[in-house]
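**Student:** Quick one, fold the following:
(one chain, ligands or ions: 1)
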Amino acid sequence: MRGLRISGLFAVICAISSAALADISVPPAAPGQAPVSSAVRADPPSSLRPRARPGLLEAALADQLAARFRRPEAPRVIKDRDLLPVQGQMAFAASSSQAIAASLKPFRRPDSVVLKAMAQRQKRIKGAVCGDPDLQGEAIGTVPGRIFGCGIKSAVRVKSIAGIDLSQKAVMDCTTAQAFKSWIRNGLKPAIGDAGGGVAEIQIAAHYACRTRNNQRGAKISEHGKGRAIDITGVRLHDGRNISVLEGWRRKGTAAILKRIHRSACGIFGTVLGPDANRFHRDHFHFDTARYRSGSYCR
Ligand SMILES: [Zn+2]
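**Tutor:** Next up, the predicted model:
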């Protein structure tokens, strides 16, 4: 039923269309020529190509505008500084499609600046250890242990971390070097802030050393013997002042800073020891990356 209705409607449309076509007279095609559709022929041929610019008119307009905006004292040759966005010149740039507007790009930096920056970057990449340009030093590979339980598989000798020098190059593994960096960034630097111009150097008392804990005979191998520990006696500020653990731990003015530095290492390192831990640590902080089931040990 529905199909019948549709086909009926189609028949009506066809009838109307053929009637409309019948009204348009199509002249007979010339012999050997295909008949041309009246619909195509009716419209004038219009090209989608842009029209060629009227060169002469454009040049005349440019001359007129240039004369209008030319300052009497201005030289004929336009120099860079003349292209600065002076109102008149901007108007000139906007008026002519052939004019080039003053560039908003910053001026090219002198080659010496670029070369210096590139050289510094190359140096940083070259001196990077553990794949991190913030860790500067050298990879030294396997460090064999003098006694069983000592030694490091992939050791690095670090000389600076996150832009802060170490008072002596320190041997450790990459896990420890990364923890050290994390503490410098998130603990040490914020604790010192701008005091004395900021941290210039971290004073390292010990790093890798094949020895027992606290050098006690018969004790277990220290984390220092595995390249996982560092001992820090203090920091030197940019103004030359020192903040030392031995003198500053209980002194007014430095005590709060040192306690904050000590506390901030807890969690980043597995073991954090300071003057309150025992008599062996009254002059330094011991940080190591040994992990315990019970979490970090901080004292
Ligand atoms: Zn230590």
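**Student:** CA only for contacts and neighbour counts going forward, please
**Tutor:** OK.
**Student:** residues from the protein in reach of the ion?
**Tutor:** Taking Cα under 5 Å from the ion as the contact definition, the chain meets the ion at 231, 286.
**Student:** Just the closest residue of the chain to the ion, please.
**Tutor:** For the chain and the ion, the shortest gap (Cα to the ion) falls at His286, measuring 4.2 Å.
**Student:** quick one: that residue is in a strand?
**Tutor:** Yes: counting by DSSP: H, G, I helix; E, B strand; the rest coil, His286 falls inside a strand.
**Student:** Now it. Nearest residue, chain neighbours left out?
**Tutor:** Closest residue in space to His286, ignoring its immediate chain neighbours: Asp231 at 4.6 Å, by Cα to Cα, 6 or more residues apart in numbering.
**Student:** what kind of secondary structure is the one you found in?
**Tutor:** Asp231 ends up strand, using three-state DSSP.
**Student:** What of Met172?
**Tutor:** When classified by three-state DSSP, Met172 comes out as strand.
**Student:** and it, how many neighbours?
**Tutor:** Under the neighbour criterion other Cα atoms under 10 Å, Met172 is assigned a count of 29.
**Student:** in terms of contact, does it touch Glu223 like I think?
**Tutor:** No: Met172 is beyond contact range of Glu223, at 10.2 Å (criterion: Cα atoms under 8 Å).
**Student:** Now do the shared contacts for these two.
**Tutor:** Ala229 (Cα atoms under 8 Å, 6 or more residues apart in numbering).
**Student:** Give the full set of residues in contact with the residue of the chain closest to the ion.
**Tutor:** Counting by Cα under 8 Å, 6+ apart, His286 touches 229-232, 271-274.
**Student:** before we move on, the earlier item: identify the residues contacting the residue nearest to His286.
**Tutor:** Contact analysis of Asp231 by Cα under 8 Å, 6+ apart lists 204-207, 284-287.
**Student:** one more time with 10 Å
**Tutor:** For Asp231, the contact set (Cα atoms under 10 Å, 6 or more residues apart in numbering) comprises 203-208, 224, 272-274, 281, 283-288.
**Student:** ok, now Gly198?
**Tutor:** 164, 188-192, 235-239.
**Student:** Tell me the buried residues within these.
**Tutor:** Neighbour-count burial (16 or more other Cα atoms under 10 Å) applied to these gives 164, 188, 190-192, 235-237.
**Student:** For the residue nearest to His286, which residues count as its bridge partners?
**Tutor:** Note on Asp231: beta-bridge partners Ala206, His286, judged by DSSP bridges.
**Student:** and what of Leu166?
**Tutor:** Ile202.
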